[in-house]
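Participant: Predicted model and sequence follow; I will ask about them next.
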Amino acid sequence: MVQKIFSIAYFPPIDYLIEMKNADRVFVEAHENYQKQTYRNRATILTGNGTHNLIIPVVRSEKKDIKEIRIDNGVAWQRNHWKTIESAYNNSPYFLYYRDFFECLFQKKQLFLFDYNMDLLHLLRKLFSITNEMCITETYEIEQKNREDFRDFFLPKNADFRQKKIEYRQVFAEKFQFVKNLTCLDYLFTTGSSF
């Protein structure tokens with residue numbers, strides 16, 4: 001049985017979902033320390049001006065457990081993120097088909113980053129037909145027994161995590177060369193949910 005463990009992510013790259021789909025059982029780490037500048041609270045999209053990071057603002061806190069990290073809802077980040085996504089992908093082939101699935105998530109207020117990302121992950125798994133079992137970890141274990149560890153594999157600074165090159169036509173292909181490691185939304189809105 002192939003088991004894999006992942007950190008939570010905000011609109012992760014498509015490779016994250018491909019790795020998740022290629023497992024019998026998936027675990028999401030619920031007891032790690034929050035790490036800044038990771039996909040836990042950011043996603044990278046391609047706009048007409050180049051790549052753009054969508055970052056969920058979090059409340060500074062002494063608490064470091066990922067489940068205790070609060071979203072800073074005093075900032076209009078949801079409206080800004082949705083407008084940026086809409087502007088970037090409105091002309092993509094599948095945006096109109098999928099937009100209603102996501103627009104409501106940008107109107108729903110969540111207190112905690114983990115909860116928001118879990119709602120998002122459930123939706124992404126449904127849209128990409130990922131049906132394997134998904135569990136939340138009960139404790140933090142540094143060494144993983146019988147699980148492939150992807151908790152620190154998908155990082156914005158690790159630009160070469162892609163094991164297989166999946167290239168597809170991106171929205172601004174006439175303006176930019178292929179940009180790897182974009183959010184899974186880029187793939188979904190331009191190619192659809194099959195991979």
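Facilitator: Noted; the coordinates are in hand. Residues are numbered from 1 along each chain as shown.
Participant: if I look at Arg40, how far off is Leu120?
Facilitator: For Arg40, the distance to Leu120 (C-beta to C-beta, to the nearest Å) stands at 12 Å. Using the backbone N, CA and C atoms, a C-beta is placed for each residue, glycine as well.
Participant: got any residues that touch both of the two?
Facilitator: Taking C-beta atoms under 8 Å, 6 or more residues apart in numbering as the contact rule, Arg40 and Leu120 both touch Tyr10.
Participant: Gly50 against Phe176, yeah?
Facilitator: Yes - judged on C-beta atoms under 8 Å, Gly50 makes contact with Phe176 at a distance of 6.8 Å.
Participant: neighbour-wise, which of Arg40 and Leu120 wins?
Facilitator: Using other C-beta atoms under 10 Å, the more surrounded residue of Arg40 and Leu120 is Arg40, with 24 against 19.
Participant: if we can go back for a sec, neighbour count for Gly50 and Phe176, which is higher?
Facilitator: Phe176 (15 against 10).
Participant: Now for the more buried one: which residues touch it?
Facilitator: By C-beta under 8 Å, 6+ apart, Phe176 lies in contact with Leu46, Gly50, Gln170.
Participant: for Leu46, phi and psi?
Facilitator: phi -110, psi 120 (degrees, to the nearest 10).
Participant: ok so, going back, could the contacts of Phe176 be laid out in CSV, adding distance to Arg147 and pLDDT?
Facilitator: Converted to CSV, the contacts of Phe176 look like this (distance: C-beta to C-beta, whole Å; pLDDT from 0 to 100):
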residue, distance to Arg147, pLDDT
Leu46, 33, 95
Gly50, 37, 94
Gln170, 33, 91
